[in-house]
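Student: Could you work out the structure for the sequence below:
(one chain, ligands or ions: 2)
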Amino acid sequence: MEEHLMKILIVGDGNVGKSAFVNRYVNGQFNKTYKMTVGVDFSVKVLKWSEKEQVRLQLWDIAGQERFISMTRIYYKGALGCVVMFDVTESSSFLKCRHWKQDLDNKTMLPNGESIPCILLANKCDLPGRAVSADSIDEFSKANGFVTWMETSVKENKNVGESMRRLVQEILSVQSGLDPLRPQNQVTVNLDSEFNSGGAGCC
Ligand SMILES: Nc1nc2c(ncn2[C@@H]2O[C@H](COP(=O)(O)OP(=O)(O)O)[C@@H](O)[C@H]2O)c(=O)[nH]1
Ligand SMILES: [Mg+2]
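Tutor: Ligands and ions are numbered 1, 2, ... in the order given. Next up is the predicted model:
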């Protein structure tokens with residue numbers, strides 16, 4: 001069985017549902033109560049990709065540092081993919097996605113100079129009172145180099161697994177197009193199994 005290790009970042013304003021997304025994806029749960037994360041949360045999910053391949057996803061939830069907008073470089077180091085999330089009922093969180101994407105692109109790059117694959121998620125689509133239209137999300141997504149965008153509801157488990165599969169698919173296709181003989185193309189991120197269940201604090 002071949003295993004691919006992928007560090008994936010989850011960024012976006014506070015309260016948009018990033019931690020809930022990771023919790024739903026990894027543990028299959030949704031809690032209504034708001035618990036602000038402190039530090040950085042790591043979670044690991046192993047995805048069976050095909051008969052011969054599995055993907056070990058290391059999900060980095062920025063955990064309460066959203067107010068700093070610009071994340072430290074160390075946070076982005078080694079990331080192969082990213083989720084930028086906003087709350088579809090909060091237009092300010094949508095407007096900030098530009099900054100999140102720019103911050104990501106300023107600090108990460110594939111060996112061929114391209115941006116790392118990034119997906120845009122319009123979360124909380126179960127709620128009434130949408131503040132952002134599908135047309136404007138679509139336009140923004142195309143103009144800012146996202147792989148694609150999707151509506152999600154972590155609450156109703158809509159498009160959670162699907163969006164991650166789409167991102168992983170893109171990462172695998174990008175990685176297979178890179179020259180494997182160049183040492184910088186090898187994935188060097190490695191976390192010990194002690195991080196497997198999440199909750200580790202970091203710088
Ligand atoms: N209605 C609804 N509420 C959500 C959804 N996703 C997250 N929430 C709620 O939004 C709040 C903030 O979620 P959280 O994951 O802590 O946001 P974070 O600050 O981005 O990590 C919590 O009360 C969640 O229960 C969703 O899809 N629908
Ligand atoms: Mg959080």
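Student: Could you use CA atoms for every contact and neighbour count after this?
Tutor: Noted.
Student: Any idea how many residues pack against Trp49?
Tutor: 16 (other Cα atoms under 10 Å).
Student: actually Lys155, sorry about that
Tutor: Lys155 has 20 nearby residues by other Cα under 10 Å.
Student: Please apply the same query to Phe140.
Tutor: The burial count for Phe140: 18, using other Cα under 10 Å.
Student: so which strand or helix has it?
Tutor: helix 134-143 (DSSP states H and E).
Student: likewise Ser93?
Tutor: Using DSSP H and E, Ser93 falls in helix 91-95.
Student: thinking again about what came up before, what's the helix holding Phe140 packed up against?
Tutor: Counting contacts by 3 or more Cα pairs under 8 Å, 6 or more residues apart in numbering; DSSP states H and E, helix 134-143 is packed against strand 149-151.
Student: just how off-centre is the strand it packs on within its chain?
Tutor: Put simply, strand 149-151 sits 13 Å off its chain's centre (Cα atoms, centre = their mean, to the nearest Å).
Student: Could you pull up the mean pLDDT of that strand?
Tutor: Strand 149-151 shows a mean pLDDT of 98.
Student: and that strand, what other elements does it pack with?
Tutor: Packed next to strand 149-151, using 3+ Cα pairs under 8 Å, 6+ apart, are strand 118-123, helix 134-143.
Student: Of those, which is nearest ligand 2?
Tutor: Each of the helices and strands packed on strand 149-151 was scored for nearness to ligand 2 using Cα to the ion, and the closest is strand 118-123 (13.6 Å).
Student: can that closest one be found next to ligand 1?
Tutor: Yes. Strand 118-123 comes into contact with ligand 1 (Cα under 6 Å from any ligand atom), by way of Asn123.
Student: Only the buried residues of that strand, if you could.
Tutor: Judged by neighbour count (16 or more other Cα atoms under 10 Å), strand 118-123 contains these buried residues: 118-123.
Student: ok, now stretch 162-174?
Tutor: Applying 16+ other Cα under 10 Å to stretch 162-174 flags 163-164, 167-168, 170-171 as buried.
Student: next one: stretch 81-97
Tutor: 81-90, 93-94, 96-97.
Student: Take these and write them to a markdown table, including distance to ligand 2.
Tutor: Formatted as a markdown table, these follow (distance: Cα to the ion, whole Å):
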| residue | distance to ligand 2 |
| --- | --- |
| Gly81 | 18 |
| Cys82 | 15 |
| Val83 | 13 |
| Val84 | 13 |
| Met85 | 11 |
| Phe86 | 12 |
| Asp87 | 13 |
| Val88 | 17 |
| Thr89 | 17 |
| Glu90 | 16 |
| Ser93 | 14 |
| Phe94 | 17 |
| Lys96 | 16 |
| Cys97 | 16 |
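Student: Restricting the selection to alpha carbons, write the helix holding Ser93 to PDB.
Tutor: This file holds the C-alpha atoms of helix 91-95, laid out as PDB (Å, rounded to 0.1, in the frame of the first residue of the first chain):
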ATOM      1  CA  SER A  91     -20.200  39.000   3.800                       C
ATOM      2  CA  SER A  92     -17.200  40.400   5.700                       C
ATOM      3  CA  SER A  93     -15.800  36.800   6.000                       C
ATOM      4  CA  PHE A  94     -16.100  36.400   2.200                       C
ATOM      5  CA  LEU A  95     -14.300  39.700   1.600                       C
END
